[in-house]
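**Q** Return a 3D structure for these sequence lines:
(2 chains)
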Amino acid sequence: MRAALELALHSVWNRRGTALLTTCSIALSVALLWGVLQVREGARNGFAATVSGVDLIVGPRTGPLNLLLYSIFHAGEPTASVSRASFELVARHPDVAWALPLALGDSHRGYRVLGTTPDYFLHYRYGRRQALVLAEGRAFADHGELVIGATVARALGYRPGTEAVLAHGLGEGSFTEHEDRFRVVGVLAPTGTPLDRLVLADLDDLAHLHGTEHSTSLTAFLVGMKERPALLRMQRALNEYRGEALTAIIPGVALSDLWRLVGVADRAMLAIALCVLLAGLIGMTSTLLAALQARRRELAILRSVGARPIDLMGLLMLEAGALSLLGTLLGLLGGRLIIAVLATPLEARLGLLLEPALLDATSAAILCGVTVAGLLAGLLPGLAAYRRSLADGLSMRT
Amino acid sequence: MDSPAIEISQLRFGWKAGECLLSVEAFTVSRGERVFLHGPSGSGKSSLLGLVGGVLLPQAGEVRVLGQSWGALPASRRDRFRGDHIGFLFQQFNLLPYLGLLDNVLLPVRYSRLRRQRCDETPAVEAKRLLAALGLEGDAVLSRPVGELSVGQQQRVAAARALLGRPELVVADEPTSALDEDAREAFLSLLMQRCRDHGAALLFVSHDRRLAEGFDREVSLAALNEAPRGLLA
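**A** Predicted structure coming up:
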């Protein structure tokens, strides 16, 4: 076996030009496959990390996905509202640690305005239970103050001190502009979540715009429990509450439901990556097959010194396996280099959490899988060599 | 130990059923004997070498090497027996381009334990001695890629490989046809000398009768083969 491997390596080295190209095509396809798996994992994590540390999302009677979409992803239109009274009731409940009101309905130049309380900066968590960080300025505290997300700040070029006019309605080029002027007092650091595209203001401040002293209705509210065991009890109580038709959802559960819907695209990506890998292996097979004709002399020499046809088959399979192993190692290494460079911007811009370990189960599985697949890809040229050497014997019959 | 190096009896061979390319009633090469087999191209020479090497099996009759009938062995044992007891030397392109000169000579001991054991010292030392005896010496030559050797040098490397580990039989198929006249003479005498040293039988096949001088015996394949000439490939 050692002798055969040595022979195979010498033979591969002798054709290092084509071997290098073959190795590169396998390396590229492995890097792609690994990258897709990483992005998939990262997207799933980033998705699940959009909100963390929130135990319940409570809104009017609606579908869980709908509630999740407009309360956390700020997508879609809330169709009904919950009363401030229900919010107060929950917020004062002894099992509840904190509750954050959410009011949507205004916008500024296409960016949604979220009305809440300063507590939002205290309790809201995203990613790996990270708290919100202000890159510049401070949280809103007084009348007419705004905090803006990182994307809003970058896109509009706003800094603390910039004045802004809010509009009623959620679309860009909005309908009726409110007359009161607001002033930016803080800019959030990038989170990679929909929060980056949000303008935050005080709930009552916004109510004031609409001509009421205090807001009487909310879009939804977020709840943090003192102890986890009380969670399910609270959820059931809210869903069965007779005072008002409410929906209470656990974000993690709703997120994974949503992921199942979104996941189709990422399965398609994986399928494409596997096809590219298959193409790489087929390329190697055809290269080895094509070289076989020129190697008939070599096979005859090996037969004359006592090599069995099965030895020659093994030789070709080992060559294919060696090329695959090398290509896979290169691909995994290259993939890591690329991700090491891109990890930080990807997390900030797309909310992709990519943190590949140096040696993880995925890489080990790819390494084993592709090497075995490579050996199998060598089966075809191997069998051809086997039959060729039986037909040729010690001389080349043409 | 007294069984002949090669013993062919009542052999009939053809590539297809019903075809008869070779028909040899009896042909024997004794141990240590050096036989020149004259066969022009197309006389069934390659087939005969395949039969002697146990790569081909006859439709009828028997080929024995050192008393062992090829037909009595399963395929993988035939490969092993060939590697153990026969050294082959071909017309041209005898060397694996991706192995060094020395590794090419050492190729048989990769597959044959017997030939490894028969080396007096380590196979590498033995290989160097053989190469030196065939006129290839010094690191300058030994470290050269085999593709850069002259044809004559390549054939001498191939001869060293055929002789390494003292196989009882050396089969040479036109090994000098790619050499010029002077190199041919020199190569032939070196090969004969080394075979004599090793006590190996030599079956030397060539279309060139002028080379027959110095052999113990000259046999013509045409005379040996009783198959109707019209069917020869």
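**Q** Helix, strand, or coil at the residue of chain B found nearest chain A?
**A** Closest to chain A within chain B is B:Gly83: 1.7 Å, counting by CB to the nearest CB. In this view, the C-beta of every residue, glycine as well, is placed from N, C-alpha and C. Secondary structure, DSSP: H, G, I helix; E, B strand; the rest coil: B:Gly83 is helix.
**Q** Tell me how many other residues crowd the residue nearest to it when sequence neighbours are not counted.
**A** Closest residue in space to B:Gly83, ignoring its immediate chain neighbours: A:Gly306 at 1.7 Å, by CB to CB, 6 or more residues apart in numbering or on different chains. A:Gly306 sits with 24 neighbouring residues when counted by other CB atoms under 10 Å in any protein chain shown.
**Q** Quick check on A:Gly306: phi, psi?
**A** Torsion angles at A:Gly306 (phi, psi; degrees, to the nearest 10) stand at phi 110, psi 10.
**Q** That one against B:Gly87, yeah?
**A** No - under the criterion of CB atoms under 8 Å, A:Gly306 is not in contact with B:Gly87, lying 10.5 Å apart.
**Q** Report how many residues lie close to the residue of the stretch 151-300 of chain A found nearest chain B.
**A** Closest to chain B within the stretch 151-300 of chain A is A:Arg297: 5.0 Å, counting by CB to the nearest CB. The number of residues packed near A:Arg297 is 18, by other CB under 10 Å.
**Q** what kind of secondary structure is it in?
**A** The local conformation at A:Arg297, judged by three-state DSSP, is helix.
**Q** pLDDT score for it?
**A** We have a pLDDT of 83 for A:Arg297.
**Q** Dihedrals phi and psi, the residue lying closest to it once chain neighbours are set aside?
**A** Leaving aside its sequence neighbours, A:Arg297 sits nearest to B:Phe93 (CB to CB, 6+ apart; 5.0 Å). Backbone torsions for B:Phe93, taken as degrees, to the nearest 10, come to phi 50, psi 50.
**Q** Now for B:Phe93, how many residues are close by?
**A** The tally of other residues near B:Phe93 (other CB under 10 Å) stands at 16.
**Q** pretty sure it is touching A:Leu299, no?
**A** No - using CB under 8 Å, B:Phe93 makes no contact with A:Leu299, being 12.0 Å away.
**Q** Next one: A:Leu100 from chain B, what distance?
**A** As defined by CB to the nearest CB, to the nearest Å, A:Leu100 lies at a distance of 71 Å from chain B.
**Q** Look at that residue and give its secondary structure.
**A** strand.
**Q** and it, what does it touch?
**A** When contacts are counted by CB atoms under 8 Å, 6 or more residues apart in numbering or on different chains, A:Leu100 touches A:116-117, A:119-120, A:123-124, A:221-223.
**Q** For the residue in chain A that chain B sits nearest to, list the residues it contacts.
**A** When scored by CB to the nearest CB, chain A has A:Gly306 as its residue closest to chain B, at 1.7 Å. With contact set as CB under 8 Å, 6+ apart, A:Gly306 has these partners: B:79-80, B:82-84, B:108, B:111-112.
**Q** Have a look at chain B and report the helix or strand with the lowest mean pLDDT.
**A** In chain B, no helix or strand scores lower on mean pLDDT, DSSP states H and E than helix B:139-142, which sits at a mean of 80.
**Q** got the buried residues for that one?
**A** Going by neighbour count (16 or more other CB atoms under 10 Å in any protein chain shown), the buried part of helix B:139-142 is B:Leu142.
**Q** And whatever helix or strand comes next after it, what does it pack against?
**A** As assigned by DSSP states H and E, the chain's next helix or strand after helix B:139-142 is helix B:151-163. Helix B:151-163 sits against strand B:86-89, helix B:101-105, helix B:123-133, strand B:169-173, helix B:181-198, with contacts defined as 3 or more CB pairs under 8 Å, 6 or more residues apart in numbering or on different chains; DSSP states H and E.
**Q** tilt between the last one and strand B:169-173?
**A** So that's helix B:181-198. Angle of helix B:181-198 versus strand B:169-173, following axes from the mean of the first three to the mean of the last three CA atoms, to 10 degrees, is 170 degrees.
**Q** could you point out where the stretch 151-300 of chain A is predicted with low confidence?
**A** By pLDDT under 70, the weakly predicted segments of the stretch 151-300 of chain A are A:169-179, A:213-214.
**Q** Quick check: residues of chain B near chain A?
**A** Listed as neighbours of chain A in chain B under the rule CB under 8 Å from any CB of the partner chain: B:46, B:49-50, B:53, B:55-56, B:75-76, B:79-80, B:82-84, B:86, B:88, B:90, B:93-99, B:103, B:107-108, B:110-112, B:161, B:173.
**Q** so B:Leu37 sits in a strand?
**A** Yes - under three-state DSSP, B:Leu37 falls within a strand.
**Q** Okay, and the beta partners of B:Ser69?
**A** Beta-bridge partners for B:Ser69, by DSSP bridges, are B:Arg64.
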